[in-house]
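[1] Provided below for reference: sequence and predicted model.
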Amino acid sequence: MRLLVALTLLASALSATPAVTQPGNQPAGAAAAPALGATVVPLPAQVTPSGATFTLGQGATIYTSPAVTSVGDYLAGLLRPSTGYALPVSTGTPSGGIALLLDASVSGYRLEVTAGAVTIRAATAEGLFNGVQTLRQSLPAAIESRTAGPGPWTVPGGVVTDRPRFAHRGAMLDVARHFMDVATVKRYIDDLALYKINTLHLHLADDQGWRVQIDSWPRLTTYGGSTEVGGGPGGFYTKAQYADLVAYAQSRYVTIVPEIDLPGHTNAALASYAELNCDGVAPPLYTGTNVGFSSLCIGKEITYTFVEDVIRELAAMTPGPYLHIGGDEAHSTPAADYVTFMKRVMPLVTKYGKQPMGWHEIAKADPAAGAVAQFWGTTTSDAPLAASAGRGVKVVMSPANKTYIDMKYNASTPYGLTWAGYIEVRTAYDWNPGTHVSGVPESAVLGVEAPMWSETLKRIDQVEFMAFPRLPALAEVAWSPQASRVWNDFRTRLAAHGPRWEAMGVTYYRSTQIPWPATTAQNLALNRPVMVSSTEVSQFPGSSAVDGNPSTRWSSGYADPQWIRVDLGSARSVGRVVLNWEAAYARSYKVQVSDDGTTWRDLASVTAGDGGVDTLTGLSGTGRYLRVYTTARATSWGVSLWEVEAYAP
C-alpha cells in the first residue's frame, strides 16, 4: 500500500512548501497499515506519522474539558453503535482513552495519537469538533456502522496539526424546487460535518415554492408552498421546525444561511399575494424549471413592506451572521430597477443585524464593505465583482463549472443538469479559489461553497449520489493549503472513503477516476446470467442491466408484472441493492431472493419509486437468485433499468 507523505508547513499554513517524512517500516511480509492521515479528507496542514498504534478498548473513557462535554457526547454517539462499548464521557483527569481538551495556545486543532491515548487540543469547541472528524476518519471504515462489530478499532500513531485555509466552507441545498423534509436536511448536515464543512446555505424560496413560515404573510407557505417541480405536494418548515434545524446544525458546528431569492425567482410569492404584482393580478403557481421570468414590482411601496417583513422575521430566526437575498437571474427586472431594489434592500438586512449576502450580480448595486457576493459564473472575470472586492466586499467562490454538484458527472448520470458542463471529481478538485477570478485576490475570498440545485432531485439518496465524491473534493479545496494539494494523493485518500460511505448507507457515484479498494463495490450481480419476463429485443437485453455499464439498459414489455431475475451463482447474503432506473416507469416493485428461482422471499418493497438510482440498504436475505419484480408502472411504457447491483451486508 502506498505510504502517505507527511506534510510539514513552514511558518504559514496558507502559503508554505511542504516537507516530506516517511512513516516507520512495516514488519517483513506484513501488509502496510495506513499511516496517520492516509485516509483523511480534507488533507491536514501537517501530519507527522509514528510507528505507534492506539487501540480503542472496551473500557475506554472519553475525557473532556468541562465546557465541551457536548463534543464528547457527539463522539461517544458516533463510536458506541459500532464498537458496542459504553464509552462514558468524563470531565476528570485524562488517563488513557480519548481526551478532548481546550487549549488556548492551539490554532485550529492538534491531534496526537500514542499507543496509550488519543488527545485532541483546540482553543474552541469547534476546533475540537473538527479534530474529532479527523480521528473518526482515521478509524476503520466500519466505525460508521450502526450495529456492533468485532473491530479492532485502531488509530495509527503520530501528530496532526491543522487549521483551515478559508473561514467559509459551505454547501447549498435547494429545498424550493423540490421540498426536502427536516430529516433529509439533518442527514445532509451530518454528511457535511464529516468533511469539516461549516456552512449550510438553504435556498428557501423560488418560483416553485416558498419553504419557511412568515407570520406576517401566511399565504407564502399555505399557498405558495403547496407545490414543487412536477406538481408534487411541496411543503414548508414551520418556525419551530426551522428552529430545530438551526439548533441541529449548531450542534454540528454548521451555520445555516437562509436565502430568499429576490427580486426574481419570486413566482411563489407573486402567486400568493396579488398586490406584489405590478398589475395587481396573481399569476398561477409554477411547477416548471425555467428561470428569469418573474419579478417583484420594483416601483410599489408594498414590495418593500413585504421584503422588510420577511427580512425581519428571518433575521430573528437566524443566529448566524448572514442573510442571503439572492439577486441572480433577474432577467425580468430592468437593470436600473434592479440596482434601485438592491440599494434599498441591502440596508434592510443590515438594519436587522445581519450581513447581506447575494449572488454575484449584487455587485452591480455597489454593496458596502461587509457584504458577501457569491460568484457562480463560468468565466474567470467579472468587473463589477472585482471592483466590489476592492472596496471590501468578500467573495464566496461557487463557479458553476467547478462547484455546482447538481451537474451531471457524465452523459450517463441519471440525475442533474448539464448547462454548466459535466463535472467529474478531478474537475471539482483542480482549481484555486484564491486566483480563480481576476481582480479578486485570495485576501478577498471568504471561502468556497458547493451548491446543490434540486430540479431533478427529490430524496436524500439522490442528493448524496450527486454530492459524493465531489463534495469531499470541494471540502479539501476550501480547507487544505493550496501548495499541498496534489490530485494523485487526493484520489488515493478519497478511495478509502468508499467503504466508509457504504457503512453509513450513503449512495455515491463510483467514479472511474478514483481507485476504489477491491473490497469496495463488489457487485454480486455483475455479469451474472439473467432471465426476464418479456421477450428480449436485441438493443435492450436483460444482460445489459448487469454489465456494469450505466449507458446500456434492459427494457421490458408493457404489461404488469415485469421482472428481471439474476443468478448469483450460489447462495449469497444480500444486504444492499442498487437499482438505476432509466425513468419513473416502475412506480412500485419488490426485490426478492430465492433458493430455487421459483419460491421467492421479499427483501424490500417500494411503493414510491420515481426513477433514478434507488439504494436499498439494511436488507437481510440469502439466496442464489435475486429478482426485481415490478407491480405497477407510472406510465404506459415498460420498465427500463440501466443497472441492477447487489452487495453483501
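    Cool, got the structure.

[2] for the spatially most central residue of the chain, give me its contacts.
    Centroid check for the chain by Cα atoms, centre = their mean gives A467 as the closest residue, at 4.7 Å. Contact analysis of A467 by Cβ atoms under 8 Å, 6 or more residues apart in numbering lists 171, 188, 191, 405, 450, 452. Any C-beta I mention is one placed from the backbone N, CA and C, and that applies to glycine too.

[3] where does the protein dip in pLDDT?
    Along the chain, the model assigns pLDDT under 70 to residues 1-33, 519-521, 535-537, 583-587, 608-611, 633-636.

[4] 80 instead?
    1-33, 518-522, 534-538, 550-551, 557-560, 582-587, 607-612, 632-639, 649 (pLDDT under 80).

[5] I'd like the contacts of A467 as a markdown table, with distance to G618, neighbour count and secondary structure appended.
    Output for these, formatted as a markdown table (distance: Cβ to Cβ, whole Å; neighbours: other Cβ atoms under 10 Å; DSSP: H, G, I helix; E, B strand; the rest coil):
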| residue | distance to G618 | neighbour count | secondary structure |
| --- | --- | --- | --- |
| A171 | 26 | 27 | strand |
| Y188 | 19 | 23 | helix |
| D191 | 18 | 21 | helix |
| I405 | 26 | 23 | coil |
| A450 | 28 | 27 | strand |
| M452 | 25 | 25 | strand |
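
[6] give me the neighbour count for Q250.
    If you count neighbours by other Cβ atoms under 10 Å, Q250 ends up with 14.

[7] contacts only, for it.
    Q250 neighbours (Cβ under 8 Å, 6+ apart): P319.

[8] please apply the same query to D430.
    D430 touches W487, counting by Cβ under 8 Å, 6+ apart.

[9] helix or strand: which one has the spatially closest residue to T631 that is not a sequence neighbour?
    Leaving aside its sequence neighbours, T631 sits nearest to S588 (Cβ to Cβ, 6 or more residues apart in numbering; 4.9 Å). Following DSSP states H and E, one finds S588 within strand 586-594.

[10] who are the packing partners of that strand?
    For strand 586-594, the elements it packs on are strand 600-606, strand 621-633, judged by 3 or more Cβ pairs under 8 Å, 6 or more residues apart in numbering; DSSP states H and E.

[11] turn those strands into a markdown table, columns for mean neighbour count and distance to I98.
    A markdown table is the format used below for these (neighbours: other Cβ atoms under 10 Å; distance: least, Cβ to Cβ, whole Å):
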| stretch | mean neighbour count | distance to I98 |
| --- | --- | --- |
| strand 600-606 | 16 | 38 |
| strand 621-633 | 20 | 37 |
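
[12] returning to that earlier point: quick one: which of the contacts of A467 is nearest P152?
    Nearest to P152 among the contacts of A467, counting by Cβ to Cβ, is D191 at 26.7 Å.

[13] neighbours of the nearest residue to G230 once chain neighbours are set aside, how many?
    Among residues not flanking G230 along the chain, T287 sits closest, at 5.9 Å (Cβ to Cβ, 6+ apart). Neighbour count of T287, defined by other Cβ under 10 Å: 16.

[14] for T287, what are its contacts?
    208, 227-231.

[15] give me that answer again for 10 Å
    177, 207-209, 227-232, 234 (Cβ atoms under 10 Å, 6 or more residues apart in numbering).

[16] would CSV of the helices and strands packed on strand 586-594 with distance to G280 be doable?
    Compiled in CSV, those are given as follows (distance: least, Cβ to Cβ, whole Å):
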stretch, distance to G280
strand 600-606, 46
strand 621-633, 45
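
[17] closest one to W153 among those strands?
    strand 621-633 (28.1 Å).

[18] partner strands of that closest one and their direction?
    Using DSSP bridges, strand 621-633 pairs in its sheet with strand 562-574 (antiparallel), strand 586-594 (antiparallel).

[19] dump whichever strand or helix holds N130 to PDB, keeping only the CA atoms.
    Here N130, judged by DSSP H and E, is contained in helix 125-138. Presented in PDB, the C-alpha positions along helix 125-138 are these (Å, rounded to 0.1, in the frame of the first residue of the first chain):
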ATOM      1  CA  ALA A 125     -15.200  23.600  20.800                       C
ATOM      2  CA  GLU A 126     -15.400  23.900  17.000                       C
ATOM      3  CA  GLY A 127     -11.700  23.200  16.700                       C
ATOM      4  CA  LEU A 128     -12.200  20.000  18.900                       C
ATOM      5  CA  PHE A 129     -15.200  19.000  16.700                       C
ATOM      6  CA  ASN A 130     -13.000  19.300  13.600                       C
ATOM      7  CA  GLY A 131     -10.300  17.200  15.300                       C
ATOM      8  CA  VAL A 132     -13.000  14.600  16.100                       C
ATOM      9  CA  GLN A 133     -13.700  14.300  12.300                       C
ATOM     10  CA  THR A 134     -10.000  13.600  11.700                       C
ATOM     11  CA  LEU A 135     -10.000  11.000  14.400                       C
ATOM     12  CA  ARG A 136     -13.200   9.500  13.000                       C
ATOM     13  CA  GLN A 137     -11.700   9.200   9.500                       C
ATOM     14  CA  SER A 138      -8.500   7.600  11.000                       C
END
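
[20] still on that earlier bit, E313 versus the residue nearest to the centre of the chain, what's the distance?
    With distances taken as Cβ to Cβ, to the nearest Å, A467 is found 30 Å from E313.

[21] do S543 as well
    Taking Cβ to Cβ, one finds S543 at 57 Å from E313.

[22] verify the stated contact: the residue nearest to T631 with A632.
    Yes. With contact defined as Cβ atoms under 10 Å, S588 reaches A632; the gap is 4.4 Å.
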